[in-house]
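Q: what follows is a predicted structure for the sequence shown.
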Amino acid sequence: MSKKIIIAKARISKVYQIGLPSDVREELKIESGDNITFIKEDGMIYVEKNTIECFVCDGVGEVYKKKCPICEDGLILKQDYNDAHRLLGKIIANSDDINITISNKKIRLHSEEYVRSILSLIEDKINKLLQENNQSAKKILGKAKISKVNQIGLPSDLREELNIKTGDDINFIKKDGMIYVEKNTVLCFLCNGEGEIEKRPCPVCDDGLLLKDSVNNGRMILKNIINYSNDIHITIINKKVKLKSAVYTRETLKKIEKRLNDNLI
Ligand SMILES: [Zn+2]
Ligand SMILES: [Zn+2]
């Protein structure tokens with residue numbers, strides 16, 4: 001049960017305008033130019049940032065008289081709309097009636113409750129996004145000059161991209177002849193920083209390192225497996241993940257399954 005707390009107050013002007021209190025702006029992570037939506041549910045009105053109508057139910061909240069498996073109320077966050085892994089998370093969280101299999105970066109949905117056309121619509125959208133994720137473009141995030149004492153100021157676009165703040169740790173990583181900057185990485189729980197397990201590439205980390213934030217984030221781990229391994233077949237039934245593979249031992253798969261299932265929802 002979540003506790004109700006007043007985070008701020010605002011007075012309505014003669015032309016019905018209010019200034020959004022800074023605590024509310026912070027909570028919703030909004031800036032000027034963002035859109036907010038007022039939503040009524042269970043007799044309460046709440047505010048959400050940047051929502052758009054769901055592409056599956058067109059804002060109705062249900063399809064063929066069943067609860068929409070993508071959104072909860074006909075609306076989805078803009079940032080979820082173009083993120084395959086967040087959409088996947090929505091299905092896992094919202095619907096017990098859909099089983100998911102993922103092989104070779106391709107998702108397939110199975111359900112006796114939803115018609116094929118709805119499942120295909122979702123599959124197409126997610127598979128397209130998974131493809132696009134694979135073709136990453138190079139983008140310059142800023143330049144920096146090295147001072148006499150070998151210090152650099154981190155460009156603001158870079159800080160934003162890495163989501164780093166003062167006090168965070170960053171690592172410089174060499175891979176494929178390139179040097180990468182990553183925030184807050186820790187040794188991978190599966191391969192212990194080796195980058196491989198059973199003489200094969202580690203299916204969780206790619207290079208032995210994991211973002212600190214993702215170690216206990218089931219969806220991030222799931223995302224890594226989809227991105228890094230073609231050799232693992234994923235089944236999600238009733239929010240429980242089961243992995244199958246012809247190349248990794250059951251012991252390895254079990255370790256990943258446990259981490260996923262403890263942290264998925
Ligand atoms: Zn929907
Ligand atoms: Zn690893």
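A: Perfect, I can see it now. Treat the numbers as computed from the prediction; the structure is a model and nothing was measured. Ligands and ions are numbered 1, 2, ... in the order given.

Q: going forward, measure contacts and count neighbours with C-alpha atoms only.
A: Will do.

Q: element containing K143?
A: K143 is part of no helix or strand, with elements assigned from DSSP states H and E.

Q: could you report the neighbour count for it?
A: 12 (other CA atoms under 10 Å).

Q: now do G33
A: If you count neighbours by other CA under 10 Å, G33 ends up with 6.

Q: now do K29
A: K29: 11 neighbours (other CA under 10 Å).

Q: same question for the one 3 residues further on.
A: The criterion is other CA under 10 Å. On that basis, S32 has 6 neighbouring residues.

Q: looking at the protein, which helix or strand is least sure?
A: Using mean pLDDT, DSSP states H and E, strand 36-41 stands out as the lowest-scoring helix or strand of the chain, at a mean of 68.

Q: and the helices in the stretch 1-150 of the chain, which stretches?
A: For the stretch 1-150 of the chain, the helices defined by DSSP state H, counting those that start in this stretch occupy 22-28, 78-81, 84-94, 116-134.

Q: let's have those helices in CSV, adding mean neighbour count.
A: Output for those, formatted as CSV (neighbours: other CA atoms under 10 Å):
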stretch, mean neighbour count
helix 22-28, 12
helix 78-81, 16
helix 84-94, 20
helix 116-134, 15
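
Q: in JSON lines: those helices, plus distance to ligand 1 and mean pLDDT.
A: Formatted as JSON lines, the helices of the stretch 1-150 of the chain follow (distance: least, CA to the ion, whole Å; pLDDT from 0 to 100):
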{"stretch": "helix 22-28", "distance to ligand 1": "22", "mean pLDDT": "81"}
{"stretch": "helix 78-81", "distance to ligand 1": "11", "mean pLDDT": "80"}
{"stretch": "helix 84-94", "distance to ligand 1": "10", "mean pLDDT": "90"}
{"stretch": "helix 116-134", "distance to ligand 1": "10", "mean pLDDT": "90"}
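
Q: low-scoring stretches of this protein, by residue?
A: For the chain, applying pLDDT under 70 flags the ranges 1-4, 39-44, 46, 50, 133-138, 173-178.

Q: would you point out which residue is most central in it?
A: Nearest residue to the geometric centre of the chain (CA atoms, centre = their mean): R86, 4.4 Å.

Q: hmm, that one is touching D80, no?
A: Yes - distance between R86 and D80: 5.5 Å, which falls inside the contact criterion (CA atoms under 8 Å).

Q: residue contacts, C191?
A: I197, C202, G208 (CA atoms under 8 Å, 6 or more residues apart in numbering).

Q: sorry, back to before: with distance to ligand 2 added, can I get the helices of the stretch 1-150 of the chain in JSON lines?
A: Formatted as JSON lines, these follow (distance: least, CA to the ion, whole Å):
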{"stretch": "helix 22-28", "distance to ligand 2": "34"}
{"stretch": "helix 78-81", "distance to ligand 2": "27"}
{"stretch": "helix 84-94", "distance to ligand 2": "20"}
{"stretch": "helix 116-134", "distance to ligand 2": "20"}
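
Q: want to throw those into TSV with distance to L264?
A: What follows is these, written out as TSV (distance: least, CA to CA, whole Å):
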stretch	distance to L264
helix 22-28	23
helix 78-81	17
helix 84-94	9
helix 116-134	19
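
Q: what are the ranges of the strands in the stretch 151-265 of the chain?
A: Along the stretch 151-265 of the chain, the segments classed as strands by DSSP state E, counting those that start in this stretch run 170-175, 178-183, 185-187, 196-197, 200-201, 209-211, 232-237, 240-245.

Q: need the residues of the stretch 101-250 of the chain near ligand 2, please.
A: Applying CA under 5 Å from the ion, one finds that the stretch 101-250 of the chain approaches ligand 2 through C188, L190, C191, G195, C202, V204, C205, G208.

Q: and the gap between the residue in the stretch 51-200 of the chain that ligand 2 sits nearest to and R200?
A: Residue of the stretch 51-200 of the chain nearest ligand 2, by CA to the ion: C191 (4.0 Å). As judged by CA to CA, to the nearest Å, C191 and R200 stand 10 Å apart.
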